[in-house]
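Undergrad: could you work out the structure for the sequence below:
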Amino acid sequence: MNLDWQKQVSLEVTQLKTTEGNYQTLLINLLPPRELIATDILPHLELPSELDLNREVILFGQAPIWLYVNLTERCRSVPWLACYDARKNVAVIIQSQVAEKAPGDTISALLNQTPCPAILIGGPPDSGKSVLANTLRWDLLKKNLNKQIFLHRANWDGQGNWAYETANRQLVKRLVRENEFRIHESDLTRHLIPDYFEKNRRDVKNLRELVDLVIVDVGGKPQPEKMPLVEQCTHYIIISKSREQIGEWHELCRPKLQPLAVIHSVLKTRIDVLSTNPFLEIVAGIWREGEMLTVPDVLLDAVIVGTRH
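TA: Next up is the predicted model:
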């Protein structure tokens, strides 16, 4: 199985709430900047195994036309297929094999009256942000079976959810090493950074109108270019292996967001509560794939209570 494409595109199945009920939706998230998405991923692209091709499919997300055309072809057998128009908040039917739906018909999305909470996960590299974000999402889903919780990765390291759901760990490490997009280190791509985070800001804004909770992994640098995205979030969690670097993440987030927790990440199995007020502060580990199977209960409770609305 060729997983290189999953370094560039994340495909996730969810439900879109509409005036007609909930419809199966394929969320498309580009991991590196759009300009760096390579067309040679197309032969290897795979639809998620949980996508039911005996049901309707709504394509949702910003992506190149050629990717949309390819996904349309892959979903040609479904009863009807639609694309979501975020500007008008409708799903537009583009092909149908049933009498009830015709190309050009629209279905209005039921937007949240109040945008849902969005939790920013921040902290220096190699502290466990991506493991925390993925584990937190799954634990929240298990606690809230009827909730839609979406993990949005707004960083270009390419470690989408696939990296934590693929059994072959050596393959994952090789793909990350060989394909990481370090656009901030090249004069040829550095100019893409502001547009990249503005695009992610729009993505999170749209998601907050559609789901019940968004978790946002923003990468390992508290860059000012991230502020548009930061301001689209409501809460934050810092996970850091270095006490000295926690302050700069507070500085990035605190003017706008409510702190939920600070996690001092350690390389040993440990959970110690240091404080619960004004936010949770714990020492915990080990934040590595396969070793942190669930988040500590005290952290899960803090997130549930802190984001209740």
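
Undergrad: surely Tyr23 touches Tyr84?
TA: No. Contact criterion Cβ atoms under 8 Å: Tyr23 and Tyr84 do not qualify, at 10.1 Å. (C-beta placed from N, C-alpha, C; glycine too.)

Undergrad: of the two, who's got more company?
TA: Each of Tyr23 and Tyr84 had its neighbours counted (other Cβ atoms under 10 Å), and the higher figure belongs to Tyr84 (22 against 18).

Undergrad: any idea how far the more buried one lies from Glu46?
TA: Using Cβ to Cβ, to the nearest Å, Tyr84 is found at 21 Å from Glu46.

Undergrad: where do the contact lists of Tyr23 and Tyr84 overlap?
TA: Each of Leu16, Ile58, Ala91 lies in contact with both Tyr23 and Tyr84 under the rule Cβ atoms under 8 Å, 6 or more residues apart in numbering.

Undergrad: domains of this protein?
TA: For the chain, the structural domains run 4-108, 118-306, going by automatic domain parsing.

Undergrad: need those in CSV with mean pLDDT, can you?
TA: Below are the domains of the chain laid out as CSV (pLDDT from 0 to 100):
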stretch, mean pLDDT
domain 4-108, 91
domain 118-306, 85
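
Undergrad: how close does the nearest residue to Thr39 once chain neighbours are set aside get to Ile41?
TA: In this structure, Thr39 finds its nearest non-sequential neighbour in Trp66, 6.2 Å apart by Cβ to Cβ, 6 or more residues apart in numbering. Counting by Cβ to Cβ, the separation of Trp66 from Ile41 is 10 Å.

Undergrad: cool, Ser130 as well?
TA: 21 Å.

Undergrad: these two: which is more packed in?
TA: Using other Cβ under 10 Å, the more surrounded residue of Ser130 and Ile41 is Ser130, with 24 against 17.

Undergrad: follow-up on the earlier one: deepest of the domains of the chain, which one?
TA: domain 118-306 (a mean of 18; mean count of other Cβ atoms under 10 Å).

Undergrad: so how far does it reach from one end to the other?
TA: 11 Å (Cα to Cα, to the nearest Å).

Undergrad: picking up where we left off before, inside strands: which ones of the shared contacts of Tyr23 and Tyr84?
TA: The strands, defined by DSSP state E, take in Leu16, Ile58, Ala91 from the shared contacts of Tyr23 and Tyr84.

Undergrad: thought Pro278 was touching Pro259?
TA: Yes. Using Cβ under 8 Å, Pro278 makes contact with Pro259 at a distance of 7.4 Å.

Undergrad: so what sits against both of these two?
TA: Contacts common to Pro278 and Pro259, judged by Cβ under 8 Å, 6+ apart, are absent.

Undergrad: not counting sequence-adjacent ones, nearest residue to Glu12?
TA: That would be Leu27: by Cβ to Cβ, 6+ apart, it lies 4.6 Å from Glu12.

Undergrad: same thing with Leu110?
TA: Lys17 (4.3 Å).

Undergrad: Arg74 now?
TA: Leu47 (5.8 Å).

Undergrad: contact partners for the one you found?
TA: Counted by Cβ under 8 Å, 6+ apart, Leu47 has contacts Leu11, Leu26, Leu53, Leu71, Arg74, Cys75.

Undergrad: mind checking how far the first one is from Ser240?
TA: To tie it back to what came earlier, the one meant is Leu11. For Leu11, the distance to Ser240 - Cβ to Cβ - is 31 Å.

Undergrad: which residue ranges of this protein form strands?
TA: 9-18, 21-30, 57-60, 80-85, 90-96, 106-108, 118-122, 149-153, 213-217, 235-240, 258-265, 270-275, 280-285.

Undergrad: is it possible to get TSV of these that adds distance to Ile37?
TA: Output for the strands of the chain, formatted as TSV (distance: least, Cβ to Cβ, whole Å):
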stretch	distance to Ile37
strand 9-18	7
strand 21-30	6
strand 57-60	16
strand 80-85	18
strand 90-96	21
strand 106-108	28
strand 118-122	24
strand 149-153	15
strand 213-217	19
strand 235-240	29
strand 258-265	32
strand 270-275	40
strand 280-285	35
